[in-house]
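Undergrad: Okay, structure incoming, though there's no sequence with it:
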RNA sequence: GCGCCUAUAGCUCAGAGGAUAGAGCACCGGCCUCCGGAGCCGGGUGCGCAGGUUCGAGUCCUGCUAGGCGCGCCA
């Protein structure tokens, strides 16, 4: 249990006891006592913790909120860890604690290191997080970059919250787009010898296809001996493999590595689609109409029924996706979280229907819809067309603004909000970027500790120093921020809100910078110096933890 | 027409039913005998509109308005 939770527990039982005492004395009449809410107020004038219990119960007690608060306060045990208590505002009870819990926080971080802030909340639950899943027919775009940042950080948050997590990239290498890509690649290959060779009307004209054709020609000279059918199959397999490798490299550079790259073609070759179809068939959920085979998804709340096998005998996208999700569930995952683009939101109904048809509850599948990213340059939206080969790729973005700034930028916004990414601004102001502000705090601490070492100062442990010397306002504010981490991480995971972490990091950095200007360290008398060295060491640890969650580097020097 | 998302400061965006709504950028002042000035301290404007629920609403509900996206035997 975190230090903050422990304080809240103690306060809760104190309040509970006070209410019971008031009831026994006939001062308060409550049929039932609701859960006692406690929060850390934003404003430090409002104490270390505050409760709204009097506001919540006022109606029940038929008294004014402030009066209820006053009665509760009068029955609080005296002389405890509660240093002071007051009734404030509309009826809040504000608690001012003795500083011990702050110092306990420092000892907890020192002891727990990079596991500080973790919890066991998700123990027993296995989450499969699927994200990016860009088609293997071209380079990834900036929405993919946004998805990668959000998904990767969510995965890290889930792990911190004690869940078992698997991350997957679904490679759609067996669908229409892969065929179109294969035909495009084959045509470019032919054109190396015969410039007149026709390029498919719906093909991808972008130059990377031409570049790829040249590699293909170089590495596979026997290709000309194949039949057209064989060659297309080869292009499809080889070409998508090349794209997957390129995507892997881009993502790795971006700090994202998946546990599994799941190939759609493996589902086909394993007969998983047929298996899924007969599974549904056995449950009487399929019917034939208009020469096609349909899934009666309306039985599970979908808007309309969906085609599973087209009239030409081929499968739809949803068929493979049902098989894929069935596979995930069979692997023992208890919750599936998919991150999709906004153009897929209409797809939620049929997938939730499929999950239920497979015998699981609707909320086994959770879909997070990521909104679009509009790129701005010179104040105007950059027009992009994948088909015309005109677009800013994820690789371009990372080249231009850097991994850390790009990730931080994406993670500073809520996933479901539309995002304008001003490239000029991101590049121009790269030195003023918030991410550097946080990294600078880390580098500064490293520098202090480095200089301390050079001066021959041994890094003290918390039990060797007098932590009560950390009495400055800036020090208390800093420690409170450290204490807030466990709740912050858990809430971010539960609400699927990675965008909560960047403000936390910025606040922590800001509180550190402020502390730094107000409180010197190495020049101070030994007891103060040592206490502060312990403090900044723990600040560094938490900065590393938080930057690690964001997937942003924590440099020792900048 | 139906569905999803969005609307908060000049701009880009945070915001957890609570007290005086925040950050960055931009703009204007201060702060270096001393650990990194990529820093600190101060300065000001805002919840699209109208109802409702609540002791209390930027937050929840309803209806409008505006923008983005979707509604395929495409993926």
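TA: Ah, there it is. Quick caveat: nothing in here was measured; it's all calculated off a predicted structure. Residues are numbered from 1 along each chain as shown, chains lettered A, B, ... in the order given.

Undergrad: Quickly list the domain ranges of chain A.
TA: A:3-98, A:176-253, A:433-550 (automatic domain parsing).

Undergrad: Could you verify that residue A:307 is part of a strand?
TA: Yes - note on residue A:307: a strand contains this position according to DSSP: H, G, I helix; E, B strand; the rest coil.

Undergrad: Contacts only, for it.
TA: Residue A:307 sits next to A:292, A:293, A:294, A:295, A:316, A:318 when contact means C-beta atoms under 8 Å, 6 or more residues apart in numbering. (Each C-beta comes from the backbone N, C-alpha and C, glycine too.)

Undergrad: mind redoing it with 7 Å?
TA: Counting by C-beta atoms under 7 Å, 6 or more residues apart in numbering, residue A:307 makes contact with A:292, A:294, A:316.

Undergrad: Only the buried subset of these, as a PyMOL command please.
TA: To isolate the buried members of the contacts of residue A:307 in PyMOL, using 16 or more other C-beta atoms under 10 Å:
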select buried, chain A and resi 294+316
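
Undergrad: Show only the entries of the contacts of residue A:307 found in strands.
TA: A:292, A:294 (DSSP state E).

Undergrad: could I get the contacts of residue A:307 as JSON lines with pLDDT and distance to RNA strand B?
TA: Listed next are those as JSON lines, based on pLDDT from 0 to 100; distance: C-beta to the nearest atom of the strand, whole Å:
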{"residue": "A:292", "pLDDT": "95", "distance to RNA strand B": "4"}
{"residue": "A:294", "pLDDT": "96", "distance to RNA strand B": "8"}
{"residue": "A:316", "pLDDT": "94", "distance to RNA strand B": "4"}
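
Undergrad: Of the contacts of residue A:307, just say which sits nearest to residue A:213.
TA: Residue A:213 has its nearest neighbour among the contacts of residue A:307 in residue A:316, at 30.0 Å by C-beta to C-beta.

Undergrad: Tell me the pLDDT of the residue lying closest to the closest one once chain neighbours are set aside.
TA: Nearest non-adjacent residue to residue A:316, counting by C-beta to C-beta, 6 or more residues apart in numbering: residue A:307, 5.3 Å away. On the pLDDT scale, residue A:307 is placed at 96.

Undergrad: what stretches of chain A score poorly on pLDDT?
TA: Within chain A, the stretches with pLDDT under 70 are A:379, A:385-390, A:427-431.

Undergrad: In the helix or strand that contains residue A:374, which of the residues would be classed as buried?
TA: Residue A:374 belongs to strand A:373-377 when assigned by DSSP states H and E. Within strand A:373-377, the residues that count as buried by 16+ other C-beta under 10 Å are A:373, A:375.

Undergrad: Before we go further, residue A:288 is sitting in a helix, right?
TA: No - using three-state DSSP, the assignment for residue A:288 is strand, not a helix.

Undergrad: what's the burial count for it?
TA: 9 (other C-beta atoms under 10 Å).

Undergrad: How much space separates it from RNA strand B?
TA: Taking C-beta to the nearest atom of the strand, to the nearest Å as the measure, residue A:288 falls 9 Å from RNA strand B.

Undergrad: Check the domains of chain A for me and report the most buried one.
TA: Ranked by mean neighbour count, the domains of chain A are led by domain A:433-550 with a mean of 19 (mean count of other C-beta atoms under 10 Å).

Undergrad: Check whether it comes near RNA strand B.
TA: Yes - residues of domain A:433-550 are located near RNA strand B by C-beta under 7 Å from any atom of the strand, namely A:433-434, A:436-437, A:440, A:443-444, A:446-448, A:451, A:487-488, A:491, A:497, A:499-500, A:503, A:506, A:510, A:513-514, A:516-523.

Undergrad: Now find how far off-centre that domain is within its chain.
TA: In terms of C-alpha atoms, centre = their mean, to the nearest Å, the centre of domain A:433-550 is found 23 Å from the chain centre.

Undergrad: Make a markdown table out of the domains of chain A and add distance to residue A:264.
TA: Output for the domains of chain A, formatted as a markdown table (distance: least, C-beta to C-beta, whole Å):
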| stretch | distance to residue A:264 |
| --- | --- |
| domain A:3-98 | 45 |
| domain A:176-253 | 8 |
| domain A:433-550 | 26 |
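
Undergrad: now for the ones you listed, which one comes closest to residue A:104?
TA: Among those, domain A:3-98 sits nearest to residue A:104 (C-beta to C-beta), with 5.1 Å.

Undergrad: wait, does the closest one contact RNA strand B?
TA: Yes - with C-beta under 7 Å from any atom of the strand as the measure, domain A:3-98 is seen reaching RNA strand B through A:37, A:41-43, A:45-47, A:50, A:52, A:55-56, A:58-59, A:65, A:88-92, A:94.

Undergrad: about what we covered before: residues making contact with the following helix or strand past the strand holding residue A:374?
TA: Using DSSP H and E, the helix or strand that follows strand A:373-377 in sequence is strand A:380-381. In this structure, residues lying in contact with strand A:380-381 by C-beta under 7 Å, 6+ apart are A:374, A:375.

Undergrad: on that earlier part again, so which of the domains of chain A comes closest to residue A:135?
TA: Of the domains of chain A, nearest to residue A:135 by C-beta to C-beta is domain A:176-253, at 5.1 Å.

Undergrad: near RNA strand B at all, the closest one?
TA: Yes - applying C-beta under 7 Å from any atom of the strand, one finds domain A:176-253 in contact with RNA strand B at A:176, A:177.

Undergrad: Would you pull up how far that domain lies from the middle of the chain?
TA: 35 Å.

Undergrad: Would you list the phi and psi of residue A:353?
TA: Main-chain dihedrals, residue A:353, degrees, to the nearest 10: phi -60, psi -40.
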